[in-house]
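[1] sequence first, predicted coordinates after that:
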Amino acid sequence: MKAVRFRTPGGPETLAVEELPDPRPQAGEVLIRIAGAGLNRADSLQRLGRHNLPPGASEIFGMEVSGTIVEAGPGIDGFIPGDQVMALLASGGYAEYVAVSVGHVLAIPKGIGLIEVAGVPEVAATLVSNICHTGRFAPGETVLIHGATGGIGVFGIQLIKTIGGRVAVTASSDTKLEVARRLGADILINYEEEDFAKRMLAEGGADIVLDTVGGSYLAKNIEALAPFGRIMTIGMQGGPSGTLNFAALMKKKASVSGTLLRDRSPEQKTAIMAGVNRLVLPFLTAGAIRLITERVYPLSEVAAAHAHFETKAHVGKILLDCRQTD
C-alpha cells in the first residue's frame with residue numbers, strides 16, 4: 001500500500017509517500033480501505049520531532065480516517081465488509097489501508113460524505129472527552145474556546161450550542177469571528193484588540209475553558225473563569241509551562257486539567273467513541289452540526305496540505321483523499 005512517513009524531522013517537504021506492506025487485522029480489529037484522512041496539530045508536531053508516538057503506534061501519520069471495511073478479524077460483531085465507517089487512530093491514517101480496533105470505529109451517518117466525515121473522529125472525541133466527560137458540562141453553562149475557526153472551533157461551537165451551552169470564542173481577526181458568529185457563537189473576542197479575561201468576566205465568566213494555547217494563557221484562563229470553572233488544556237501552542245497562582249485558583253474553587261487523546265488506553269478510547277456515538281452522531285444525522293472542510297488534497301500532495309495547515313488561515317478541516325496516491 002501507499003503510506004506517508006518522514007525520514008528526518010523538518011518542514012512539510014520531509015513527508016514522503018512510500019510503498020509499505022498492507023496491514024492485517026488481528027482479533028477484534030477491522031481492516032479499512034481508507035477514503036479520507038484528517039490533518040491535526042499532532043501530525044505537524046510529529047513531523048517536527050516534537051510529539052512522541054504512543055507505544056506500539058505506527059510511524060505512518062494520521063489519527064482519523066473514513067473509509068470502507070474490507071475485512072474483519074476474528075471476534076467481530078456489528079460490522080461487515082462493505083460498511084462505510086470512520087475511525088479514531090493512534091497513527092496510520094495517511095495510507096490506503098489501516099487495521100483498527102472495532103471499538104474505535106463508528107458507522108457513518110446517512111447523508112454525510114465519505115471524505116468529509118474523515119474530519120470528525122479526532123475533533124468529536126476531543127470535545128466529548130473534555131467538555132462532556134472530564135469537563136462535566138451542564139446545559140446553560142458557558143464554554144470559552146480558544147481558536148474560533150480551526151477544526152475544534154467550528155465543530156465545538158455547533159456541538160455546544162446544540163447541547164444547550166453558551167459559546168465564547170477568541171480569534172485573531174474580525175473575519176474569523178464573523179465565521180464563528182454565523183456558526184452560533186454568542187461572545188466574540190478579538191484577542192489582538194481586547195483582553196479576553198476581562199471580557200469574559202464582564203459576561204459572567206466561563207464555566208469551561210477549552211484551551212489549545214497552554215502555558216502563556218494559564219493566568220488569564222484562571223482570571224476568565226466563573227466560580228467552580230474548569231480549564232481543559234488540550235494543546236501547548238503557547239508553551240508547555242506557566243505560573244499557577246494557587247490563590248486565584250482556590251478563590252474561584254476552580255480546576256485545571258491537561259489531557260492528550262492520542263496516548264489514552266484502547267479501553268478509554270472505546271468509551272470516548274461510545275460517547276461520540278451517543279452525543280454527536282445523532283446531531284450529524286439530523287443536520288444540526290455541519291461539517292466544514294477548507295480543502296481536500298490528494299495523498300500525493302500531503303506536503304502541500306501540511307504547508308496549508310500551518311498557515312493557520314484555514315476554516316474547518318483540511319483533509320487528504322487517500323484514494324489519490326499518484
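    Here it is on my side, so go on.

[2] so Ala247, which state does it fall into?
    The three-state label given to Ala247 by DSSP: H, G, I helix; E, B strand; the rest coil is helix.

[3] distance check, it against Ala254.
    Distance from Ala247 to Ala254, counting by Cβ to Cβ, to the nearest Å: 11 Å. From N, CA and C alone the C-beta is placed, and that goes for glycine too.

[4] ranges for the helices of the chain?
    Taking DSSP state H, the helices of the chain run over residues 41-47, 121-127, 151-162, 174-183, 196-202, 218-224, 246-251, 266-279, 281-286, 302-309.

[5] got the contact list for the spatially most central residue of the chain?
    When Cα atoms, centre = their mean is applied to the chain, the residue found nearest the centroid is Val123 (2.7 Å). By Cβ atoms under 8 Å, 6 or more residues apart in numbering, the contact list for Val123 reads Gly38, Glu64, Gly151, Ile152, Phe155, Gly156, Lys317.

[6] picking up where we left off before, more neighbours, Ala247 and Ala254?
    Taking other Cβ atoms under 10 Å, Ala247 and Ala254 do not tie; Ala254 has more neighbours (20 against 7).

[7] pLDDT at that one, what is it?
    If you check Ala254, the pLDDT there is 97.

[8] one step back: show the pLDDT at the residue nearest to the centre of the chain.
    98.

[9] do the same with the one 3 residues further on
    Per-residue confidence (pLDDT) for Thr126: 98.

[10] list the buried ones in stretch 287-296?
    Ile289, Leu291, Ile292, Thr293, Glu294, Val296 (16 or more other Cβ atoms under 10 Å).

[11] of all these, which two lie farthest apart?
    Farthest pair in these (Cβ to Cβ) is Ile289 and Val296. Separation: 19.1 Å.

[12] got the domain ranges for the protein?
    Domain assignment for the chain by automatic domain parsing gives 2-120+291-321, 123-258.

[13] can you tell me how far Arg182 is from Lys269?
    32 Å.

[14] who has more neighbours out of the two?
    Taking neighbours as other Cβ under 10 Å, Arg182 and Lys269 compare with Lys269 leading, 22 against 9.

[15] what's near enough to touch that one?
    Leu88, Ser101, Gly103, His104, Ala125, Leu261.

[16] and which of these is nearest to Lys161?
    Ala125 (19.1 Å).

[17] quick check: Ala35 touching Leu320?
    No - using Cβ atoms under 8 Å, Ala35 is not in contact with Leu320; the gap is 9.7 Å.

[18] between those two, which contacts overlap?
    With Cβ under 8 Å, 6+ apart as the test, Ala35 and Leu320 both reach Ala118.

[19] ok, these two, which is more surrounded?
    A side-by-side neighbour count of Ala35 and Leu320, using other Cβ under 10 Å, places Leu320 first with 30 against 25.

[20] chain neighbours aside, what residue packs nearest to that one?
    Ala37 (4.5 Å; Cβ to Cβ, 6 or more residues apart in numbering).

[21] which residues touch that neighbour?
    Counting by Cβ under 8 Å, 6+ apart, Ala37 has contacts Gly62, Glu64, Val65, Ser66, Gly93, Tyr94, Ala95, Ala118, Leu299, Leu319, Leu320, Cys322.

[22] relative to Arg290, how far out is it?
    Distance from Ala37 to Arg290, by Cβ to Cβ: 20 Å.

[23] nearest to Gly239, out of the helices of the chain?
    helix 218-224 (9.5 Å).

[24] please enumerate residues in contact with that closest one?
    144, 195-198, 200-201, 205-206, 209, 211, 231, 242-245, 248-249, 252, 254, 256.

[25] one more pass at 10 Å, please.
    142, 144, 146, 168, 170, 189, 191, 195-201, 203, 205-206, 209, 211, 213-214, 217, 229, 231-233, 238-239, 241-246, 248-249, 251-252, 254, 256 (Cβ atoms under 10 Å, 6 or more residues apart in numbering).

[26] just the buried ones out of those residues, please.
    142, 144, 146, 168, 170, 189, 191, 196-197, 199-200, 203, 205-206, 209, 211, 213-214, 217, 229, 231-233, 238, 242, 249, 252, 254, 256.
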